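S.K.: Everything below, folded, please.
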Amino acid sequence: MKMRMTSSVFSKTSLAATVGCLLSLWAQAAAPIAYDDFNGYTTGTNVIGQSGGSGWNDSWYNNNSFVVEVVDGSSMTYNQGGVVRGGGNAIKITNDAPLILARNIYSTPDTSGQNYFSSFIFQVVNNDNATGNIGNEFTHYAPVDGQNEFVAQNSTIGIIAKGGDAGVRNGGSSNQDLVDNHIQYATTYFAVVKYSGWDGSKYNTATLWLNPATTDESTTLNTIVATIDIDDTGSTGFGGLQIRSFFLADENSYFLLDDMRIGTDWDSVVTASIPEPATTGLLFGLCVLLLANRYKRSKSRR
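M.R.: Prediction:
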């Protein structure tokens, strides 16, 4: 009886361990397609031409001579449900350009109609130490879709923060929606952008969440989310992310960005942890061993 009870307890423990292992692998499967926390770069260097992070197809690039500096961003953190984002290096955007920064996840844009999400934390900082509401400085975040340069009139865009608000745009400034939550200088925000509404040739819909909770994907609160849906215009695919910046010089300001992620669903850029390759490999090996052990034990009992 004692031996049988011990065997039963061992079997249940083994089953629990196996299930736990598989659940952990499932959670890691929800991880982003690509991410970069900029911690692999040396502060003071230009991020252009560098290729840290994971899941990308190439290095960071632009089509001008502007420098996007890697800086110490240890003071820029965002606590989302107990998960702290940032706190290491960040990148600093100081110049105005139609294409200040971009990076690809594919060699050619995906035109399958797959929805894509991106997320990042950011601050707008004024060189004169201004506080309160920001001015007209902004950055746009759009898919790399095969065009040679960022074309705002034809792109599905997440906006941070024209006129001081975050929002979305499709087909020009007349087609936009804004979150009712004015951006403040020197304040850390968490943004999520979704590109969807594929009509067979273009993404018609853009959605942006500002400081969402992990459960806010379906919220309709205008203090958190903005959505624009315009037929017959939008980005013609998704190959990566490209950033446009303007009015930084006029406002004497700069943008800090960190913890950039790209995925195909909400969880991959909002709730998923970033897996270390070595950890993923070790976990996979452990799951295989546990499954093999259970198979061997069940076979021996036949």
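S.K.: could you list every residue that touches the residue lying closest to residue 165 once chain neighbours are set aside?
M.R.: Using CB to CB, 6 or more residues apart in numbering and skipping residues adjacent in sequence, the residue nearest residue 165 is residue 178, 4.2 Å away. Where you see a C-beta, it was placed from the backbone N, CA and C, and this is true even at glycine. Each residue near residue 178 by CB atoms under 8 Å, 6 or more residues apart in numbering is listed here: 159, 163, 165, 166, 167, 226.
S.K.: ok, now with 7 Å
M.R.: Neighbouring residues of residue 178 by CB atoms under 7 Å, 6 or more residues apart in numbering: 165, 166, 167, 226.
S.K.: Among those, which ones are in strands?
M.R.: Among the contacts of residue 178, DSSP state E puts 166, 167, 226 in strands.
S.K.: Kindly reformat these as a markdown table containing distance to residue 133 and neighbour count.
M.R.: Below are the ones in strands among the contacts of residue 178 laid out as a markdown table (distance: CB to CB, whole Å; neighbours: other CB atoms under 10 Å):
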| residue | distance to residue 133 | neighbour count |
| --- | --- | --- |
| 166 | 13 | 26 |
| 167 | 15 | 26 |
| 226 | 18 | 24 |
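S.K.: Mind putting these into a markdown table with distance to residue 207?
M.R.: Below are these laid out as a markdown table (distance: CB to CB, whole Å):
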| residue | distance to residue 207 |
| --- | --- |
| 166 | 11 |
| 167 | 10 |
| 226 | 7 |
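S.K.: List just the nearest of those to residue 60.
M.R.: Of all the ones in strands among the contacts of residue 178, residue 166 has the smallest distance to residue 60: 22.9 Å, by CB to CB.
S.K.: thought that closest one was touching residue 193?
M.R.: No: Residue 166 is beyond contact range of residue 193, at 9.5 Å (criterion: CB atoms under 7 Å).
S.K.: Identify the contacts common to the two.
M.R.: Contacts common to residue 166 and residue 193, judged by CB under 7 Å, 6+ apart, are residue 208.
S.K.: Out of the contacts of residue 178, which comes closest to residue 74?
M.R.: residue 166 (24.1 Å).
S.K.: how near is the closest one to residue 157?
M.R.: 11 Å (CB to CB, to the nearest Å).
S.K.: do residue 120 as well
M.R.: Counting by CB to CB, the gap from residue 120 to residue 157 is 14 Å.
S.K.: ditto for residue 58
M.R.: 22 Å.
S.K.: neighbour-wise, which of the two wins?
M.R.: residue 157 (29 against 14; other CB atoms under 10 Å).
S.K.: residue contacts, the more buried one?
M.R.: 140, 141, 142, 168, 169, 170, 206.
S.K.: what two of these are the furthest from one another?
M.R.: Top of the distance list for these (CB to CB): 141 and 170, 12.9 Å.
S.K.: Between these two, tell me which one has more neighbours.
M.R.: Set residue 141 next to residue 170 and count neighbours by other CB under 10 Å: residue 170 wins out with 28 against 25.
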